[in-house]
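Q: Provide a 3D model corresponding to the input given below.
(2 chains)
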There are 2 protein chains.
Amino acid sequence: MPTGTPRGPTTGLGLAMGPGGERGDPGAAPVGDEGTARVGRTMLLHRAWITSATTVAGPSEGRGPLGRAFDQVLADQLLGQATWEQAERRMLQRAVEDLAANQGRRLADYDLLLAGDLLNQSVSCSYAARDLDVPFCGLFTACATFAEGLGLAGALCESGTCRRVLVAVCSHHDTAERQYRFPTELVSQRPPTAQWTATGAVAAAIEREAAGPGPVRITAFTPGRVLDFHERDPFHMGAAMAPAAADTIATHLRDLARGPEAYDAIYTGDLAAVGASICEDLLRTAGVHVRLRDCGVELYDRAHQDVHAGGSGAACSALVFAAQLLPALRAGWGRACLCCTGALHSLTTYQQGESIPAVAHAVSLEAHAGEGA
Amino acid sequence: MPTGTPRGPTTGLGLAMGPGGERGDPGAAPVGDEGTARVGRTMLLHRAWITSATTVAGPSEGRGPLGRAFDQVLADQLLGQATWEQAERRMLQRAVEDLAANQGRRLADYDLLLAGDLLNQSVSCSYAARDLDVPFCGLFTACATFAEGLGLAGALCESGTCRRVLVAVCSHHDTAERQYRFPTELVSQRPPTAQWTATGAVAAAIEREAAGPGPVRITAFTPGRVLDFHERDPFHMGAAMAPAAADTIATHLRDLARGPEAYDAIYTGDLAAVGASICEDLLRTAGVHVRLRDCGVELYDRAHQDVHAGGSGAACSALVFAAQLLPALRAGWGRACLCCTGALHSLTTYQQGESIPAVAHAVSLEAHAGEGA
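A: Residues are numbered from 1 along each chain as shown, chains lettered A, B, ... in the order given. The predicted structure is shown next:
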């Protein structure tokens, strides 16, 4: 863990760390404050069904433990394109087009595409959107973008202004590494705390009406606050992101008056091995005893794949969501939490000697049988 | 205008250019398709009040025709900070904090901050958010981000999951120029079509309940599709963005079954002088005859300020909105449209020889007296 006075809206980590303390304890079945569908920092959703998800995974990701669960595994990092950047956007386009095809729909049947990636000016998503006949709103909270998208898409369906919204994210190992750290051609040595940016793209459909086999609902969305605990090492992002994840998870549980035992699993994504352990420690000091599942750990076989602490990248948590979490909810789990984490630095802020702020957004996901917020 | 086959979901520009043709003509008072609050590509909003807006403007912007209408004009580009990047984020933080103070609220009274800027990884907003005690979701569609934020914030209030949402954007001439084009210290010559990235920050509060003097409501939000007409010159962004603006404005009007005469003004932001003229031509070929007001033109005195075609930057349209459009609605206008435009390229895509895709998002804004979508 980095030392020094943490910077952020709240410096203490604990069960009092969210602003939700204003409200009374909502009990087991929370109802909204002041006639609204929210409790504390958490939005309550009733009309936000995840009806489908599609994955495109890179070669390394395909060789990992979830390899067989991906819809498509690429043979190489280039996908027949001239540049890695073009390959990244093609993955996203393919994930979205395949999703629509799987649902038997045209792209014009969707009301909106909410999408984000890690590249400067989110060019993977916006260049892909040129070839997708659907309105586009870009999102960015780095590797937390997928949960931001699920939550906002859910609220849009809840509002009645949208019938169905596409949420999509992508990342590419080689484009991200050369942008954030070193060109991969240099084969720079990396410390054990480093994470491996995942190559892949994921698209999910969020709808007002349930559809498809084993529908799963987004029942709550807790957007995170930005915290900065003075970590400055872009090879130690798990430590930078762990406090934000702990803050959001503790707030999510407190707002909903739940303990971790109310969930079949709480996923973080992507703190990787080092960060997830720090996050568990922080939650313990806040009175929350939980064994986290981290998407950065689940995505690779760390004993046989040289990914150091584990995976990262906007696609990392989304790939694990689509290949492991969503199938588990369809196969019998009642409820799970997905808390995606993002490190919000840039190469410029690193070069200017700044620390790395982080954010984490959490959604509660429930299988049809377990309906009721 | 660039030549060649345009790339995008729809290649023809005209009144048939949106997917909304599926629906019947909704008449003067549109109602939603299939029991939802939307028509075609347009979301209909009833509980989205703009209750306050705060501006921080740079020195050049302060010397422009709207100078006296800004809440704060900076003496220089650095704001007492060590770097321009730090100055940019301080402007955003100040706009948000001043807004809360003007409303007599704490930041924790707001449910969410939706914010975006032009810098890589949106670091202005996320670094500012470290010191703002409110959950943060980052947005990015370049200079169209402000309208994306207004629309999404409106839908969040509509859904009942949020009571009040902060929307904030910023841009800074020197940080943007050195990231996208040349370091300003080089004093590179710029062609007449070039635009001047505005320095400033704007925060607005969107609420479920009307409040404050002369409340104004967001009544409709039309998110745009990404279009690419093969413009490759980052000094000719007006031409790159004009087709997207024409597509969104024509769709917005058709969805709502309105002509341009239904609006006291239709603002584009920020096509500047060259792009606005191209957009008017494109709309004319689609049967829409309208004289646009462009935020990039309104922000500066082009006869005496050396901004070439006019302003740009995420703050440009937001500054004109807060200093000219919102006051006009409070002072007697019934209805206005704000269509913010964004060029979605990066330095990498430019260096890789790619063209510049663009998007435009439109909102209808109505004074209290003119209620009713």
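Q: contacting residues around A:F221?
A: Applying Cβ atoms under 8 Å, 6 or more residues apart in numbering or on different chains, we find A:F221 in contact with A:42-43, A:45, A:147, A:150-152, A:154-155, A:361-364, B:161. Just so you know, the C-beta spots here come from the backbone N, C-alpha and C atoms, and that holds for glycine as well.
Q: 10 Å - rerun?
A: By Cβ atoms under 10 Å, 6 or more residues apart in numbering or on different chains, the residues touching A:F221 are A:38, A:41-45, A:48, A:147-148, A:150-155, A:158, A:252, A:361-364, B:135, B:137, B:161.
Q: So what pairs up with A:F221 in the strands?
A: A:M43, A:V363 (DSSP bridges).
Q: ok, which stretches of the stretch 151-300 of chain A are helices?
A: Under the criterion DSSP state H, counting those that start in this stretch, the stretch 151-300 of chain A contains helices at A:173-180, A:237-255, A:272-285, A:295-298.
Q: Show me where chain A dips below the pLDDT cut-off.
A: A:1-35, A:369-373 (pLDDT under 70).
Q: circling back: of the helices of the stretch 151-300 of chain A, which is nearest B:A242?
A: helix A:173-180 (29.8 Å; Cβ to Cβ).
Q: who does that closest one touch, helix- and strand-wise?
A: Using 3 or more Cβ pairs under 10 Å, 6 or more residues apart in numbering or on different chains; DSSP states H and E as the contact test, the elements touching helix A:173-180 are helix A:59-63, helix A:84-102, strand A:195-197, strand A:310-312, helix A:314-320, helix A:347-351, helix B:347-351.
Q: hmm, back to that, what's the closest of the helices of the stretch 151-300 of chain A to A:P192?
A: helix A:272-285 (7.9 Å).
Q: what angle do that closest one and helix A:237-255 make?
A: Interaxial angle of helix A:272-285 relative to helix A:237-255 (axes from the mean of the first three to the mean of the last three Cα atoms, to 10 degrees): 40 degrees.
Q: Buried by neighbour count: which residues of helix A:272-285 qualify?
A: A:A272, A:A273, A:V274, A:G275, A:A276, A:S277, A:I278, A:C279, A:E280, A:L282, A:L283 (16 or more other Cβ atoms under 10 Å in any protein chain shown).
Q: My guess is the fourth one contacts A:A194. True?
A: Translated: A:G275. No. A:G275 lies out of contact with A:A194 (Cβ atoms under 10 Å); the separation is 11.6 Å.
Q: Could you grab the helix/strand/coil label for A:E354?
A: Using DSSP: H, G, I helix; E, B strand; the rest coil as the criterion, the local structure at A:E354 reads coil.
Q: So it versus chain B, what's the distance?
A: A:E354 sits 7 Å away from chain B, going by Cβ to the nearest Cβ, to the nearest Å.
Q: Equivalent analysis for A:T36, please.
A: Taking Cβ to the nearest Cβ, one finds A:T36 at 5 Å from chain B.
Q: if I pick that residue, what's in contact with it?
A: For A:T36, counting by Cβ under 10 Å, 6+ apart, the contacting residues are A:M43, A:L44, B:D111, B:C157, B:S159, B:G160, B:T161, B:C162, B:R163, B:R208.
Q: Hmm, A:C157 and the fifth one touching each other?
A: Yes. In this structure, B:S159 is within contact of A:C157 by Cβ under 10 Å, at 8.4 Å.
Q: joint contacts of these two?
A: Counting by Cβ under 10 Å, 6+ apart, the shared contacts of B:S159 and A:C157 are A:L45, A:R47, A:A48.
Q: For stretch A:143-162, list every residue counted as buried.
A: For stretch A:143-162, the neighbour count (16+ other Cβ under 10 Å) marks A:143-162 as buried.
Q: Which helix or which strand is home to A:C137?
A: Per DSSP states H and E: A:C137 is located in strand A:136-138.
Q: Give the other helices and strands that that strand contacts.
A: Packed next to strand A:136-138, using 3+ Cβ pairs under 10 Å, 6+ apart, are strand A:112-116, helix A:123-129, helix A:145-159, strand A:164-171, helix B:145-159, strand B:358-367.
Q: B:I266: which of those is closest?
A: Using Cβ to Cβ, the nearest of the helices and strands packed on strand A:136-138 to B:I266 is strand B:358-367, at 8.6 Å.
Q: Take the closest one, keep the C-alpha atoms, and write them as CSV.
A: Taking C-alpha atoms only, strand B:358-367 is exported to CSV below (Å, rounded to 0.1, in the frame of the first residue of the first chain):
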residue,chain,number,x,y,z
ALA,B,358,-17.7,13.1,-35.8
VAL,B,359,-20.9,13.0,-33.7
ALA,B,360,-23.5,15.5,-32.6
HIS,B,361,-26.0,15.3,-29.7
ALA,B,362,-29.0,17.6,-29.5
VAL,B,363,-31.3,18.7,-26.6
SER,B,364,-34.4,20.7,-26.7
LEU,B,365,-34.6,23.3,-23.9
GLU,B,366,-37.8,25.0,-22.9
ALA,B,367,-38.6,27.9,-20.6
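Q: Stretch A:250-263: end-to-end distance?
A: 13 Å (Cα to Cα, to the nearest Å).
Q: So what's the gap between it and the chain middle?
A: 19 Å (Cα atoms, centre = their mean, to the nearest Å).
Q: quick one: that stretch near chain B?
A: Yes. Judged by Cβ under 10 Å from any Cβ of the partner chain, stretch A:250-263 and chain B are in contact via A:T251.
Q: Repeat that for stretch A:73-88.
A: Yes. Legend: contact between stretch A:73-88 and chain B by Cβ under 10 Å from any Cβ is shown at A:A82, A:T83, A:E85, A:Q86.
Q: dump the residue contacts of the last one.
A: Which is A:Q86. A:Q86 neighbours (Cβ under 10 Å, 6+ apart): A:L78, A:L79, A:G80, A:S124, A:Y127, A:A128, A:T175, B:T349, B:Q352, B:E354.
Q: Hmm, the second one is touching A:R90, no?
A: The reference is to A:L79. Yes. Counting by Cβ under 10 Å, A:R90 is a contact partner of A:L79 at 5.2 Å.
Q: Identify the contacts common to the two.
A: A:V56.
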